[in-house]
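**Q** Okay, here's the prediction I keep looking at, along with the sequence it came from:
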Amino acid sequence: MSKYGTLVMGPAGAGKSTFCASLIQHLQNNKRPCFYVNLDPAAEDFAFEPDLDIKDLISLEDVMEEMSLGPNGGLIYCFEFLMENLDFLTDPLEEVTDEYLIVFDMPGQIELYTHVPILPDLVKTLMRGSLNINMCAAYLLEATFIVDRPKFFSGTLSAMSAMLMLEMPHINILSKMDLVKGQVAKRELKRFLDPDPGLLEDDPTRKVKGEEQEETKGYQDPGETKSVMSGASFDRLNKAVAQLIDDFSMVSFLKLDAQDEDSLGAVLSYIDDAIQYHEAQEPKEPKDEFLEASMDG
Ligand SMILES: Nc1nc2c(ncn2[C@@H]2O[C@H](COP(=O)(O)OP(=O)(O)OP(=O)(O)O)[C@@H](O)[C@H]2O)c(=O)[nH]1
């Protein structure tokens, strides 16, 4: 047996900290020990006090003030500083015993998951060497994105980017499902859980369809509706992105309502399965309806 953990990632406001808190509560209810690591140097309020908090090493507020950096540059600086002082993270984690699930609460700045190499290095440190933690990434995207389909595909692309960059077991999660409950039919929802590029064709908010659509150049008046603003070229770009995601065929979503025990249990069982799958390197059979939206599609 070895240590295991989950890296909770996703754009700002996706519900990462809420998910971490609900997951910790769920683990406690089920008498499973966990170790909570906050890696967001700007996070302030926690439902559960972190066992390890990056802010005890460095805080974004101090960096922004002392280095005259903005929030994004400041965050990158904080992570570079963490990488130079890895003992801060690795020493306490060495002490965590095998039965614990280590929950890492990550910042929401998307660039961290898409185009700076810090996180892959951090993941290597956690997954290899003496720590040797079996990890699974949990990437959250807010369910309300599904009302704006190009935005949903853009979010899906960022999930895919994190998946490719980190090269670790990975599950995608549509968070805040309670906010779209009753607004979208079950069959329609399935097309988001396993992203269907046809959603863009069928988008009810598109005003002009197909080849007749007039070519528009560049950015338009923000007062215009989304569909007109996108124009034919953006439309084609969106479709190409959706097709790319479909061709890659590894991106699908689980549903999460952070207040719902069943949904938390299902997501946790996925995290467990992804970790065990990675450990055993053998495929596992789907277990319940949530698996319809599994990594296997
Ligand atoms: N309705 C609903 N709201 C949620 C849910 N999860 C989170 N929220 C709300 O969404 C907002 C953002 O949630 P956080 O958990 O702070 O999101 P985060 O991803 O940690 O945010 P950053 O750390 O700023 O990136 C808060 O107001 C939460 O109460 C959910 O499942 N349902």
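**A** Nice, I can see it.

**Q** hang on, isn't Tyr100 packed against Cys34?
**A** Yes - using CB atoms under 8 Å, Tyr100 is in contact with Cys34, at 5.8 Å. The C-beta positions use only the backbone N, C-alpha and C, and glycine is treated the same way.

**Q** the more surrounded of those two?
**A** Between Tyr100 and Cys34, counting by other CB atoms under 10 Å, Cys34 is the more crowded of the two (22 against 18).

**Q** check contacts around that one.
**A** When contacts are counted by CB atoms under 8 Å, 6 or more residues apart in numbering, Cys34 touches Leu23, Ile24, Leu27, Gln28, Tyr100, Leu101, Ile102, Val103.

**Q** Please flag which of the residues you listed sit within helices.
**A** Among the contacts of Cys34, the residues falling in helices (DSSP state H) are Leu23, Ile24, Leu27, Gln28.

**Q** Which single one of the residues you listed is nearest to the ligand?
**A** The ligand lies nearest to Leu23 out of the ones in helices among the contacts of Cys34, by CB to the nearest ligand atom, at 11.4 Å.

**Q** Please verify my assumption that the closest one contacts Ala266.
**A** No - judged on CB under 8 Å, Leu23 makes no contact with Ala266 at a distance of 11.9 Å.

**Q** Show me which residues of the stretch 51-200 of the chain are close to the ligand?
**A** Contact residues, the stretch 51-200 of the chain versus the ligand (CB under 6 Å from any ligand atom): Gly108, Ser175, Lys176, Asp178, Leu179.

**Q** Dump those into CSV; add pLDDT, distance to Ile245 and secondary structure as well.
**A** Shown next, in CSV, are these (pLDDT from 0 to 100; distance: CB to CB, whole Å; DSSP: H, G, I helix; E, B strand; the rest coil):
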residue, pLDDT, distance to Ile245, secondary structure
Gly108, 93, 21, coil
Ser175, 96, 19, strand
Lys176, 96, 21, coil
Asp178, 92, 25, helix
Leu179, 92, 23, helix
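
**Q** Buried among the contacts of Cys34? Make that a PyMOL selection.
**A** Entered in PyMOL, the line below selects the buried ones among the contacts of Cys34, by 16 or more other CB atoms under 10 Å:
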select buried, resi 23+24+27+100+101+102+103
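
**Q** so which of the residues of the stretch 51-200 of the chain next to the ligand is the most crowded?
**A** When neighbours are counted by other CB under 10 Å, Ser175 leads these with 29 neighbours.

**Q** beta partners for it?
**A** With DSSP bridges as the criterion, Ser175 is bridged to Glu142.

**Q** From Leu244, how far off is it?
**A** Distance of Ser175 to Leu244, given as CB to CB, to the nearest Å: 23 Å.

**Q** what does Gly74 give?
**A** Look at Gly74 and Leu244: by CB to CB, they are 32 Å apart.

**Q** More neighbours: those two, which one.
**A** Set Gly74 next to Leu244 and count neighbours by other CB under 10 Å: Gly74 wins out with 24 against 14.

**Q** how close does the more buried one sit to the ligand?
**A** Shown here: Gly74 relative to the ligand, a distance of 14 Å by CB to the nearest ligand atom, to the nearest Å.

**Q** packing partners for the helix or strand hosting that residue?
**A** Following DSSP states H and E, one finds Gly74 within helix 71-84. Helix 71-84 sits against helix 60-67, helix 111-114, helix 118-127, with contacts defined as 3 or more CB pairs under 8 Å, 6 or more residues apart in numbering; DSSP states H and E.
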